[in-house]
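Participant: one predicted model, sequence on top.
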Amino acid sequence: METDTMNLHVFQHVPYEGPAALQEWADLNKHSVSISNFYEKTTLPNPQQVGLLIVLGGPMGVYEEGRYPWLKKEKAYLKNYIERGGKILGICLGAQLIAKAMGAEVYPHTQKEIGWYPVEWSPELREHSRYGFLPDKQPVLHWHGDTFDIPERAINIGQSTACKRQGFLMRDNILALQFHLEMTRKSLQMLAENSEDELAKGGKFVQTSSELLDRDHPFRQCNQTLFTLLDNFVGESQ
């Protein structure tokens with residue numbers, strides 16, 4: 001599906017977790033990209049000038065406003081942006097922030113999920129006219145300790161063995177992914193290098209750094225799934 005060029009704006013929360021393959025998709029489609037770095041003093045864009053807002057991940061929880069005061073400002077912006085009908089994609093922490101902005105609860109999961117594990121795409125999503133290309137299941141990269149309730153009137157996009165709520169879709173303008181289709185080997189290496197303490201704690205669904213970066217993992221297949229997903233997501237309303 002061909003897409004018109006648009007202005008993409010990215011909310012980034014830590015310097016080592018950036019757009020990764022999302023930048024390649026933007027370049028391929030000649031979309032412009034601007035970034036608000038919340039770990040620095042930053043300004044937020046005029047929502048009327050944003051074609052697609054992409055909210056990335058980070059190690060913080062949406063409920064940690066005391067430790068990260070900028071979360072309050074970001075959540076207020078997201079709530080306003082969503083209420084205006086803006087098109088938005090959230091990844092990991094970004095998905096949790098969108099859920100919170102939509103009135104759903106976000107809270108620590110019973111276990112961390114860090115590693116390459118299959119996600120089963122939901123029948124509800126695959127029956128959608130735009131997302132029938134998705135397989136029944138595919139291995140993807142997970143990296144989260146929190147989970148969320150699915151907002152009212154949104155559909156759960158899928159599940160894994162460790163976590164039954166892997167994201168949601170609402171109308172044609174809100175897409176939240178708990179997992180990381182955008183990761184490249186280089187971006188995952190940066191994330192792993194900056195998260196050694198988290199990996200050292202281990203867990204039933206926590207892989208080691210060497211397991212995460214194994215050469216046989218389907219980085220490129222996940223990127224291609226993301227590209228097709230986004231082509232359909234930003235396409236004209238059907």
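Facilitator: Everything's here; your move. Every value quoted in this text rests on a predicted model; they were computed, and no experiment measured them. Numbering: from 1, shown residues only.
Participant: can you tell me which helix or strand of this structure has the lowest average pLDDT?
Facilitator: Ranked by mean pLDDT, DSSP states H and E, the weakest helix or strand in the chain is helix 196-200, scoring a mean of 91.
Participant: other SSEs contacting that one?
Facilitator: On a contact count with 3 or more Cβ pairs under 8 Å, 6 or more residues apart in numbering; DSSP states H and E, helix 196-200 meets strand 106-121, helix 209-212. In short, each C-beta sits where N, CA and C put it, glycine included.
Participant: first vs last residue of stretch 153-160, how far apart are they?
Facilitator: Stretch 153-160 has an end-to-end distance of 21 Å (Cα to Cα, to the nearest Å).
Participant: quick check: mean pLDDT of it?
Facilitator: Across stretch 153-160, pLDDT averages out at 97.
Participant: list the buried ones in that stretch?
Facilitator: With burial defined by 16 or more other Cβ atoms under 10 Å, the residues of stretch 153-160 counted as buried are 154-160.
Participant: now, those that are in strands?
Facilitator: Judged by DSSP state E, the subset of the buried residues of stretch 153-160 located in strands is 155-156, 158-159.
Participant: now the two most distant members of these.
Facilitator: Spatial extent of these (Cβ to Cβ) is set by the pair 155 and 159 at 12.1 Å.
Participant: which residues do these two both contact?
Facilitator: Both residue 155 and residue 159 are in contact with residue 122, where contact means Cβ atoms under 8 Å, 6 or more residues apart in numbering.
Participant: how close does the most centrally placed residue in the chain sit to residue 53?
Facilitator: Nearest to the mean C-alpha position of the chain, counting by Cα atoms, centre = their mean, stands residue 91 at 0.9 Å. Distance of residue 91 to residue 53, given as Cβ to Cβ, to the nearest Å: 12 Å.
Participant: cool, residue 90 as well?
Facilitator: For residue 90, the distance to residue 53 (Cβ to Cβ) stands at 9 Å.
Participant: got it, and residue 112?
Facilitator: Per Cβ to Cβ, residue 112 is found 27 Å from residue 53.
Participant: do the same with residue 210
Facilitator: For residue 210 relative to residue 53 (Cβ to Cβ), the value is 35 Å.
Participant: equivalent analysis for residue 34, please.
Facilitator: Look at residue 34 and residue 53: by Cβ to Cβ, they are 11 Å apart.
Participant: do residue 161 as well
Facilitator: Plainly put, residue 161 is 31 Å away from residue 53 if you go by Cβ to Cβ.
Participant: who has more neighbours out of those two?
Facilitator: residue 53 (24 against 12; other Cβ atoms under 10 Å).
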